[in-house]
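> Dropping a prediction and its sequence here:
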Amino acid sequence: LGERLGRALNTAFTTGDGSGKPTGFKDAAPSGVESASTGAFTAANLVDLVHSVDIAYRNSPSAAFMMHDQILSAVRKLNFDTSNNPLFQPSLREGTPDRLLGYNFFVNNDLPSTQAADAKIIYFGDWSKYIIRQVANNVLVPLRERFMDEMELGFLMYARFDGKLLNTAAIKHLKNL
């Protein structure tokens, strides 16, 4: 039940339109960088995305990248130059996360998985500026009568949340042309 709630909330916090659901960050974050062409973002585009965010937010401990797992796969294959300096830095110490350009990254499969035209594929910024609020306590109700024909027990959970990007300068996205 908790995993199911978490997946539904992730979708709402990512793509929600604010009408009966949280306002997702996907459409609230302004553009930071546009790639040269569809499906061809480069290492330089990622560096430009980082530097499109104000230095105060960029230096925050909450600054991180967010993208779909398929996009992360493409990013991991990028290099800075012909000497094969990778953008992706795997951790050499147990318990320490891998890094991308020195920043944490998160996989969010509610973001676009393909590098289609006009797709907002990679986000970067200070994620502490996206606020999630639990409006009321969760309510869990057992449904005994409804499933008694099969001698089963069902549950209904009600939860109310809201989310909003409070400062649009704190998070920006890379968008394909």
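All right, it came through fine.
> measure residue 7 to residue 31 for me?
27 Å (Cβ to Cβ, to the nearest Å). Backbone N, C-alpha and C define where each C-beta goes, glycine included.
> What are the phi and psi values at residue 4?
phi -60, psi -40 (degrees, to the nearest 10).
> number of nearby residues for it?
Neighbours of residue 4 under the rule other Cβ atoms under 10 Å: 9.
> give me phi/psi at the residue of the chain positioned farthest from its centre?
Most distant from the centre of the chain: residue 149, at 42.5 Å, with distances by Cα atoms, centre = their mean. Backbone torsions for residue 149, taken as degrees, to the nearest 10, come to phi -60, psi -30.
> Sheet partners, orientation included, of the helix or strand of the chain with the lowest mean pLDDT?
One helix or strand of the chain scores below all others by mean pLDDT, DSSP states H and E: strand 88-89, with a mean of 76. Strand 88-89 pairs in its sheet with strand 99-100 (antiparallel), by DSSP bridges.
> Which secondary structure element is home to residue 118?
Residue 118 belongs to no helix or strand when assigned by DSSP states H and E.
> how far away is residue 162 from residue 110?
In terms of Cβ to Cβ, residue 162 sits 17 Å off from residue 110.
> Model confidence score at the residue farthest from the centre of the chain, please.
At residue 149, the model reports a pLDDT of 85.
> Residue 37 too?
pLDDT at residue 37 comes out at 62.
> Residue 12: how many residues sit nearby?
20.
> Please, which helix or strand holds it?
helix 2-15.
> What's the first helix or strand after that helix?
helix 25-28.
> on contacts alone, who are the packing partners of that next one?
Using 3 or more Cβ pairs under 8 Å, 6 or more residues apart in numbering; DSSP states H and E, the elements in contact with helix 25-28 are helix 2-15, strand 120-126, strand 161-165.
> Centre of the chain to the least confident helix or strand of the chain, how far?
Using Cα atoms, centre = their mean, to the nearest Å, the distance from the centre of strand 88-89 to the centre of the chain it belongs to is 18 Å.
> swap in stretch 4-24?
12 Å.
> what's the span of it from first residue to last?
18 Å (Cα to Cα, to the nearest Å).
> Any idea how many residues pack against the spatially closest residue to residue 170 that is not a sequence neighbour?
Leaving aside its sequence neighbours, residue 170 sits nearest to residue 129 (Cβ to Cβ, 6 or more residues apart in numbering; 3.7 Å). Look at residue 129: counted by other Cβ under 10 Å, it has 19 neighbours.
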